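Student: take this sequence and fold it.
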Amino acid sequence: QASVDDANAAVMAQRGAPALVVEAMERFSDDGLMAEKGLKALVNVAFHEDLVPVLTEAGALAQARKAMAHHAAEAKVAQKALWLLKNASATEHNRRAIDRPSTTAAIRHALAAHELDPSVQEQGFGALANLALDEE
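Tutor: Numbers count the residues shown, from 1 in each chain. A predicted model of the protein is given here:
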């Protein structure tokens, strides 16, 4: 099953699916469910470290920050956005492409807003841990 999922993620990325998801999230930015489902689709691509540059180019990480800000009260949106940021920052190469100051601020805000939600805390701490890794 893993090899099928890997192949599907690669095909989705090569065919521009991340850009389409980001565009839809922008178009329907007031819809929390659209934000949550869009982020979930992007998380599935971000599991594959080699596909993260496609997400970055599509604006997915910036869109995750926007979704967290726009839907600040929605823990499911925060959890998915933080999961995406955690996966996207798992390697040194990918961390270099991330706007660390704005991403760290967005993570801190989400952690504070959802301080009693363990899934938000888990993903947020994972993202912060990855972003804090030394690049040498």
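Student: what about the strands in the chain?
Tutor: Here the chain has no strands by DSSP state E.
Student: at the geometric centre of it, which residue do we find?
Tutor: residue 84 (2.4 Å; CA atoms, centre = their mean).
Student: that one and residue 65 touch, don't they?
Tutor: No. Contact between residue 84 and residue 65 fails when scored by CB atoms under 8 Å: they sit 10.0 Å apart. Bear in mind the C-beta positions are built from the backbone N, C-alpha and C, glycine included.
Student: low pLDDT regions in the protein?
Tutor: Along the chain, segments meeting pLDDT under 70 span 1-6, 135-136.
Student: can you give me phi and psi for residue 89?
Tutor: Dihedral angles of residue 89 (phi, psi; degrees, to the nearest 10) stand at phi -100, psi 20.
Student: and the gap between it and residue 61?
Tutor: Applying CB to CB, to the nearest Å, the value for residue 89 to residue 61 is 9 Å.
Student: who touches both of these two?
Tutor: The contact sets of residue 89 and residue 61 overlap at 98, 103 (CB atoms under 8 Å, 6 or more residues apart in numbering).
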